[in-house]
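> Below are the sequence and a predicted model for it; my questions follow.
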4 protein chains.
Amino acid sequence: MTTAQTLGAAQAADSEPTAGLVAGTTPYPWPYDGALSPERTALIVAGWNDEWWARCHDPAAVVDRIRRLAESVDTVITIDHAGPSRSRRSFDPTAGSVPSIAGSSVVTAAGIDAFYGSPLDPVLRSRRTDLLLLVGLGLETTVHSTMRSANDRGFECLLVVDACAPLDPDAVPNAVSMVEMSGGIFGAVGLTDPVLAALAR
Amino acid sequence: MTTAQTLGAAQAADSEPTAGLVAGTTPYPWPYDGALSPERTALIVAGWNDEWWARCHDPAAVVDRIRRLAESVDTVITIDHAGPSRSRRSFDPTAGSVPSIAGSSVVTAAGIDAFYGSPLDPVLRSRRTDLLLLVGLGLETTVHSTMRSANDRGFECLLVVDACAPLDPDAVPNAVSMVEMSGGIFGAVGLTDPVLAALAR
Amino acid sequence: MTTAQTLGAAQAADSEPTAGLVAGTTPYPWPYDGALSPERTALIVAGWNDEWWARCHDPAAVVDRIRRLAESVDTVITIDHAGPSRSRRSFDPTAGSVPSIAGSSVVTAAGIDAFYGSPLDPVLRSRRTDLLLLVGLGLETTVHSTMRSANDRGFECLLVVDACAPLDPDAVPNAVSMVEMSGGIFGAVGLTDPVLAALAR
Amino acid sequence: MTTAQTLGAAQAADSEPTAGLVAGTTPYPWPYDGALSPERTALIVAGWNDEWWARCHDPAAVVDRIRRLAESVDTVITIDHAGPSRSRRSFDPTAGSVPSIAGSSVVTAAGIDAFYGSPLDPVLRSRRTDLLLLVGLGLETTVHSTMRSANDRGFECLLVVDACAPLDPDAVPNAVSMVEMSGGIFGAVGLTDPVLAALAR
């Protein structure tokens, strides 16, 4: 099952885009206040270091989508999970390096959650961003943990699922349904193209 | 599919219990150092307030298991998620109240993650506990978020899945597999009876 | 030297009050944007529990000022420093109890810094307050630590020094000068009456 | 009044050094358990960036003491306060750069408190250090804020006052007395030579 098919039903409803909303998000129209803009939105690229590049399934497949999203908002932050927990797991060091994302700043985090042991919260508040697009390497790990933490901190979050590489491709429906089945308690789920369309309006 | 069936294969391997380890945990024998004891272990009962009681599927089914686990360790903490995020979601206020857990202390948290906006981290460190048993109401929400956060902070975690009430019973296999497929990156998964047996040895 | 004398030179300049500013604050006119209002301001009453009541010099002397300040803003939070660090120090349990402050909410903190192990940050952000008046019991301890932490988090802070009880009355000039000599890096220092006058305009 | 004179009375008592304790600390013998060792001790060099080098009084005077302390313990961390609050204050960019400290790791913090928006807490816990020597640039600012925060987190702290450069030299007695008058609530105060002697035993 492809990522796009996962959100197929939602996309079918995408007949008439509404200004300030991303079309086809589930389980609710995102953002909650219908006032999307590049100024108040940050793209958080979780898992953007060599360990997660090596551990994820086909990470190269999401690079182009992440780069297009990066061009559409004012604040782009890639996360280097380089804290003390890093060395606890092994990975193939010859798998390659994460490519660069133009216009991004790097935030180093001590945990799988990008907010833990990092300046991410004060950086986002100082830029007055309150809407977050969550993407990156480790859909079930870095992206999910960071989305949960961001929601606790009061940020309104969209998981852009086709810009996330999973560890296990079979986990994609699970990761999406965990957000949807919880009634949107952590935010909503959407796809790259409708996000780009909404930000371009 | 029942919770017990979810871990069926793991349990089949439970022929000869090893001192200091919980039998049948996946994806690795827990705890990592094989030195379980009541003194260094805390039971974290996430979601222990009326909102999560009302929102979960059959929460009464896990009370007895939680109470037996509470009798087996020195530190028992129930989490009241009562922060500013509380009122954002509606729930049925006539669904009842969480029953008491003898011997427990209450920690109030500001997030779905029990560590966010709460004294949970300093409380656990002051009691010198480093092993956590994660149970409670909201397997996909409060329990999962708290386990992820605990692991980032360096605690060694076991998700005791049959002592967790899910929001959606169909989410149980997903929630378990998300931990297992990530290679134990957030900890391990086990069942109540083997935990009790290991702590009684 | 009295607290009022400490700020005597500053007060002398208080000839013509400016709307949206507190008269006579040092080392800079507070708040920085000259737009004080009850809606965006919170009164943080640090050290508001029996331990600090017992340990401070003449705490009763500041109660009336704190109550008048509490009537002038929309958000009033008293801090109960009740975390694991509490029992490390002894105090006279017969010294009495902190009096009530009408209209206040209680936040329990795990540290001398009211933000540590507490929901204070999310509570303040959920109420959209960004200006803080710092008062309470323990000028050199709870009040100073909380002001430093609040400033790091991006809140604009005013130490209302005559509404703070010190542990040692000789420490008042030191505590004030530490804020002034640092060039306002933690915020500014002012007195109760000009704050009330500015909020009443 | 020199820094050394500030602690003169304490030093006078330094007749017979006790193994595992730093001679002459006030207001109590440090560390509390009398078991000092290089393995469990970290040197925290706060304010170690160009902004604080430019803003402090005679920072070059403390470099040699900091370097000798760095040679005496297993963990040395310099703090770069580079978060979003950095640019709020101006300083002379021609004042020079902080010299290197051999054997140190850099931790970047988002606040004047080195623990705020930084991995310092997880880094110290992963190295199993529980005793901290606080030194650096900004006795009244970065060093004091970091010491207060460390104490809240359960670390046992010694302010090594003659290895700290103040913003204002007249603030040294105030900064020392604020620790002493609070009954050691934030830790103790000592001098470099007795620390080196105790660590060499």
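Ah, there it is. These numbers come from a predicted model, not from an experiment.
> Could you spell out the sheet neighbours of the lengthiest strand in chain A, each with its direction?
Taking DSSP state E as the criterion, chain A has its longest strand at strand A:156-165. In the sheet, strand A:156-165 lines up against strand A:131-137 (parallel), strand A:188-190 (parallel) (DSSP bridges).
> tell me the average confidence for whichever helix or strand comes after the shortest one?
Reading on from strand A:188-190 to the C-terminus, the next helix or strand found by DSSP states H and E is helix A:192-200. Model confidence over helix A:192-200 averages 97 on the pLDDT scale.
> How about residues contacting helix A:192-200?
A:11, A:14, A:17, A:20-25, A:36-38, A:41, A:65, A:68-69, A:72-73, A:133, A:158, A:160, A:162-163 (CB atoms under 8 Å, 6 or more residues apart in numbering or on different chains). (Glycine included, C-beta is placed from N, CA and C.)
> what do you get if the cut-off is 6 Å, keeping everything else the same?
Here helix A:192-200 makes contact (CB atoms under 6 Å, 6 or more residues apart in numbering or on different chains) with A:22-24, A:36, A:38, A:65, A:72, A:160, A:162-163.
> Quick check: which ranges of chain A have low pLDDT?
By pLDDT under 70, the weakly predicted segments of chain A are A:1-17, A:83-90, A:182.
> Quick one: the strands in it, in order.
Using DSSP E, strands in chain A cover A:41-46, A:75-81, A:105-109, A:131-137, A:156-165, A:188-190.
> Output those in a markdown table, with mean neighbour count and distance to C:Val45 appended to each entry.
Below are those laid out as a markdown table (neighbours: other CB atoms under 10 Å in any protein chain shown; distance: least, CB to CB, whole Å):
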| stretch | mean neighbour count | distance to C:Val45 |
| --- | --- | --- |
| strand A:41-46 | 27 | 35 |
| strand A:75-81 | 24 | 36 |
| strand A:105-109 | 19 | 34 |
| strand A:131-137 | 28 | 34 |
| strand A:156-165 | 24 | 32 |
| strand A:188-190 | 25 | 39 |
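> all helices of chain A, in order?
For chain A, helices defined by DSSP state H occupy the ranges A:3-6, A:8-12, A:50-55, A:63-70, A:120-126, A:144-152, A:171-181, A:192-200.
> that older thread, most neighbours among the contacts of helix A:192-200, please name it.
A:Ala163 (28 neighbours; other CB atoms under 10 Å in any protein chain shown).
> For D:Thr146, see how far away that residue is.
Distance of A:Ala163 to D:Thr146, computed by CB to CB, to the nearest Å: 38 Å.
> still on that earlier bit, so which of the strands of chain A is nearest B:Val98?
Closest approach to B:Val98 among those is made by strand A:156-165 (28.2 Å; CB to CB).
> what's the distance between that closest one and the middle of its chain?
4 Å (CA atoms, centre = their mean, to the nearest Å).
> likewise stretch A:153-168?
Distance of stretch A:153-168 from its chain centroid, counting by CA atoms, centre = their mean, is 3 Å.
> outside of that stretch, which residues touch it?
By CB under 6 Å, 6+ apart, stretch A:153-168 touches A:3, A:30-32, A:56-57, A:59, A:62, A:65-66, A:131-135, A:137, A:139-140, A:143, A:147, A:150-151, A:172, A:176, A:179, A:187-192, A:195, B:181-182, C:125.
> now stretch A:104-116
A:46, A:76-83, A:117-118, A:120-121, A:141-142, A:145-146, A:149, B:152, D:119, D:122.
> sorry, back to before: pick the one among the contacts of helix A:192-200 closest to chain C.
A:Leu36 (20.5 Å; CB to the nearest CB).
> Contact partners for the nearest residue to A:Ala171 once chain neighbours are set aside?
Sequence neighbours aside, A:Glu140 is the residue nearest to A:Ala171 in space, at 5.0 Å (criterion: CB to CB, 6 or more residues apart in numbering or on different chains). Residues near A:Glu140 by CB under 6 Å, 6+ apart: A:167, A:171, A:175, B:178, B:182.
> burial measure for the first one, as a count.
Right, A:Leu167. 22.
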